[in-house]
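[1] let me see the structure of the following:
(one chain, ligands or ions: 1)
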Amino acid sequence: MFLSLRGVTKRFGSLVAVDHVDLDLTEGEFVCFLGPSGCGKTTLLRLIAGLETLDDGEVLLEGTDLAGLPARKRNFGVVFQSYSLFPNMTVAKNIAYGLECRKWPEAKIEARVAEMLELVHLSTDAGKYPHELSGGMQQRVALARALAPEPAVLLLDEPLSALDAKVRESLRGEISELQKRLGITTIMVTHDQDEAMEMADRIVALNRGRIEQVGSAEELYWDPATRFVGEFIGRINMLSSPDLCAGLDKTAGETVLAIRPEHIVVADRGAHSGTVRNVAFLGNIMRLGVEAGGQDLEIEVHGRRKRMRVGDTVTFDLPADRV
Ligand code: ATP
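    Numbers count the residues shown, from 1 in each chain. Okay, the predicted model is just below:
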């Protein structure tokens, strides 16, 4: 295994921020740590980077325990949310800095900086200072700086969350493409499920310092292992109403029934009916808030021309194979 976490644990006082995390990464994989604020994803990334010390467990790179190896000796490239470029250095100097610290020969540094600038499409901005660049450009410099020393692993801590939506979307594609082209093992922390689903080979869903599920976006979406994952990845209706659950023969033991809003089928002769409480028209999708069987449901209707209104009665089916 390329990178392994074994029982990784971190406590802050009585709070267990990261709780016995086991995870294996293969070389070249792109993994996202996904979870709500405070679930421990940044702490876990910092433990891998060597920016925090473990209370328990181990981090192994190709079988070697990294305990005692400080961050600067781990050969991991790290990019933070806040760019953290050196403001008094040009773009080229920022990228060269890590190579100078590692005592690379001057000619090699120059060639590597030029290569990195080209990689992130900033060749014409080499002489500029960070304050002369947009947020997206600064983050590309930070990426180039992290990649320059040929790190074994790239660690990205919410690298896109400070950017506006358009820039974020284009950088998502750019980072993914770069990661595939270089084949560099990458871990990215995010709380944005769309980002994780679009970019990651595998998603690690974290909650309260523990892994709830590890899998592809499709696996987490179609087969959530826990209620938390079902609710966090995409939208979901928990079915509590006895009326709605009647006939859905799955109610044994601890089972919880749930259905995605887009899987509820609005049909004139549907088995259930409800009252529309709110309507959001989003172009290709109409999102309805519906009260049915004494509970609230979210229903997503696709490609329907006729607009529904608050107070309308809607009839629908809950297909058993989608519940
Ligand atoms: P966010 O997206 O908000 O950054 P996160 O999932 O990255 O959240 P962490 O930053 O890893 O979460 O924090 C996990 C828990 O550990 C939180 O409850 C946080 O308050 C706590 N924590 C993190 N760093 C420290 C610290 N240095 N001292 C004390 N508590 C900390």
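[2] got any ranges where this structure has weak pLDDT?
    Using pLDDT under 70 as the threshold, the predicted model of the chain has low-confidence ranges 249-253.
[3] show me what the longest helix along the chain is packed up against.
    Among the segments of the chain that qualify as a helix by DSSP state H, the longest is helix 165-182. Applying 3 or more Cβ pairs under 8 Å, 6 or more residues apart in numbering; DSSP states H and E, one finds that helix 165-182 contacts strand 30-34, helix 135-147, helix 193-199. C-beta: built from backbone N, CA, C; applies to glycine.
[4] determine how far the longest one lies from the middle of the whole chain.
    Remark: helix 135-147 is offset 19 Å from the chain centroid, using Cα atoms, centre = their mean, to the nearest Å.
[5] and that helix, what's buried?
    Of all the residues in helix 135-147, those buried under the rule 16 or more other Cβ atoms under 10 Å are 135-147.
[6] what does that helix contact?
    Contacting residues not belonging to helix 135-147 are listed as 77-80, 83-85, 91, 94-95, 97-98, 116-117, 119-122, 125, 130, 133, 154, 159-160, 162-164, 167, 170-171, 174-175, 178, 182, 184 [Cβ atoms under 8 Å, 6 or more residues apart in numbering].
[7] repeat that for stretch 287-305.
    Among residues not part of stretch 287-305, those counted as contacts by Cβ under 8 Å, 6+ apart are 235, 237, 239-244, 260-262, 264, 266, 272-280, 284-286, 308, 314, 316.
[8] end-to-end on stretch 307-318?
    Stretch 307-318 has an end-to-end distance of 21 Å (criterion: Cα to Cα, to the nearest Å).
[9] do the same with stretch 247-260
    End-to-end distance for stretch 247-260: 18 Å, by Cα to Cα.
[10] now do stretch 221-232
    Taking Cα to Cα, stretch 221-232 runs 9 Å from one end to the other.
[11] okay, buried residues for that stretch please.
    Residues of stretch 221-232 classed as buried: 221, 224, 228-230, 232 (neighbour count, 16+ other Cβ under 10 Å).
[12] out of those residues, what pair is the most spread apart?
    With distances taken as Cβ to Cβ, the most widely separated pair in the buried residues of stretch 221-232 is 221 and 228, at 13.7 Å.
[13] which parts of the stretch 151-300 of the chain are strands?
    153-157, 185-190, 202-207, 210-215, 237-239, 257-259, 265-266, 272-281, 285-292, 295-302 (DSSP state E, counting those that start in this stretch).
[14] count the neighbours of residue 105 for me.
    The tally of other residues near residue 105 (other Cβ atoms under 10 Å) stands at 9.
[15] again with residue 26
    When counting by other Cβ under 10 Å, one arrives at 12 neighbours for residue 26.
[16] any idea how far the ligand is from it?
    24 Å (Cβ to the nearest ligand atom, to the nearest Å).
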